[in-house]
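Novice: give me a 3D structure for the following:
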Amino acid sequence: MLKLKIIFLSINFFILSCVPGPIEISDGDVIGKVNVDLNTTKKFIRREEAPVGNMIADSMKLFLVKENFDIDFVIVNSGGIRFNPVTRKDGIYKAGIYTEGTLKEMIPTDDLIVIKEVTGKQLKDIFENSVSLLPNAKGNFLQISKGVILKIAGNKDSETKEKRVLSIKVDNIEVNDTQIYKIASTEYIMSGGDHYSTLAEVKDKIVTKFNIRTILKDYISSNKDGVTPLIDGRIVYQN
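Specialist: Below is the predicted model of the structure:
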């Protein structure tokens with residue numbers, strides 16, 4: 001048993017030493033590589049579209065579709081994306097190798113993923129809640145998966161008005177009040193956390209057996225050349 005453990009440690013050391021770029025928290029096994037720095041500071045991810053939010057939301061949608069769940073898109077509360085202010089004072093996850101420990105730091109609360117159906121009207125209420133506390137950097141601000149374009153009145157520093165959502169498009173089609181949309185998010189948000197009472201009122205749901213960290217681990221590890229999340233215009237401020 002001791003001999004096997006020594007061999008295993010030697011293999012891990014060899015892998016780590018042969019991969020270019022800095023290594024994020026070396027707690028647990030190596031997962032894969034992220035090719036860009038990811039800013040997770042509150043003033044950034046809780047007020048605008050963020051590459052880290054895109055990465056998480058996209059990984060969830062891709063995984064759920066692969067598992068044959070019928071969904072339109074994913075929403076992720078920015079408050080669930082964190083960093084350790086003691087060991088990562090600038091809030092930046094540097095480009096390089098990620099380990100299981102990296103993901104535990106980034107997503108400390110690892111909820112199960114829940115799917116619900118909402119009307120277009122309810123969807124508008126959900127996104128109004130997402131921007132309701134701007135310009136304050138609060139955790140209810142939503143990051144969204146690819147295929148959704150949200151237009152918000154003003155800019156990230158504007159004082160919040162009663163209504164700020166100008167437009168929501170899903171697959172380039174404007175949201176219709178009566179149409180049904182299937183969305184996925186964490187159990188916390190779907191249960192009404194961060195003032196998402198509209199979601200809490202929807203009782204029918206599918207509780208999957210999957211959580212965010214497992215999904216994100218699968219996403220990063222399955223891309224041998226690493227992942228490169230970018231801003232691509234999903235959340236747009238419009239004066």
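Novice: return the residues in contact with V207.
Specialist: Contact analysis of V207 by C-beta atoms under 8 Å, 6 or more residues apart in numbering lists L112, V114, E187. All C-beta spots, glycine's among them, are computed from the backbone N, C-alpha and C.
Novice: buried ones in the helix or strand where it lies?
Specialist: Element membership for V207 (DSSP states H and E) is strand 206-211. Neighbour-count burial for strand 206-211 flags T208, F210, N211 (criterion: 16 or more other C-beta atoms under 10 Å).
Novice: what does stretch 78-92 give?
Specialist: S78, G79, G80, I81, R82, F83, R88, G91.
Novice: surely N239 meets D157?
Specialist: No - using C-beta atoms under 8 Å, N239 is not in contact with D157; the gap is 11.3 Å.
Novice: more crowded one of these two?
Specialist: Under the criterion of other C-beta atoms under 10 Å, the comparison of N239 against D157 puts D157 first, with 9 against 6.
Novice: quick one: the more buried one is in a helix?
Specialist: No - assessed by DSSP: H, G, I helix; E, B strand; the rest coil, D157 does not belong to a helix; its assignment is coil.
Novice: per-residue pLDDT, the nearest residue to it once chain neighbours are set aside?
Specialist: For D157, ignoring the flanking residues on the chain, the nearest one in space by C-beta to C-beta, 6 or more residues apart in numbering is P135 at 4.8 Å. Note on P135: pLDDT of 95.
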